[in-house]
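**Q** here is my input, please return the structure:
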Amino acid sequence: ASAEESQKSRSSLRPLDGLEHSVLGFGSTAYYTFMNVPRLCDRLLGESGSRRFLMREEVDEMEDYDENKAKVKKWTHDVAKHCNEETGTSKDEPVCEWTSPKEDIYDKKLGPDGYENGSGRRENSWLVGMVAIIGVIVAYSAYNKRFHDDEVSSDS
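**A** Sure thing, here's the model as predicted:
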């Protein structure tokens, strides 16, 4: 088989044909990669043949607790209702594209140290360690001096 035929057969492979899914994502808008994993899972499940029967729900820990609780309760109810229905099949069209309610996915670039660029160990991390050690030595010396001075004044 040629490389083109091999690529064509791989692109038509849909191992999850006949299955259905819905995604409930939890995250925090405090992070710029908010909802990356739920959005990627939703997209990849759809691309692999699974039918989206319910729009993805995205829960942000930074939002109101009661609103989040209501979102989760509604999503759970809707999933249970769908599972109990005998109508519809996985051959039906998805209720929406994976891009609903939002489609932003942010790339994470890893550096040679395995950490995300800009968040890994710094070359000057030894300096932080040295400052910490010096701080402990100074604190210990001050404590000993004070303890020694208190001892001398109580002996007099």
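**Q** least trustworthy helix or strand in this protein by mean pLDDT?
**A** helix 3-12 (a mean of 59; mean pLDDT, DSSP states H and E).
**Q** who does the next helix or strand after that one touch, helix- and strand-wise?
**A** On the C-terminal side of helix 3-12, the nearest following helix or strand under DSSP states H and E is strand 20-21. Using 3 or more C-beta pairs under 8 Å, 6 or more residues apart in numbering; DSSP states H and E, the elements in contact with strand 20-21 are helix 36-47, strand 51-52. For glycine as for every other residue, the C-beta is placed from the backbone atoms N, C-alpha and C.
**Q** who are the packing partners of the longest one?
**A** With contacts taken as 3+ C-beta pairs under 8 Å, 6+ apart, helix 36-47 sits against strand 20-21, strand 24-27, strand 51-52.
**Q** residues of it that come out buried?
**A** Buried residues in helix 36-47, defined by neighbour count with 16 or more other C-beta atoms under 10 Å: 36, 38-39, 42-43, 45-46.
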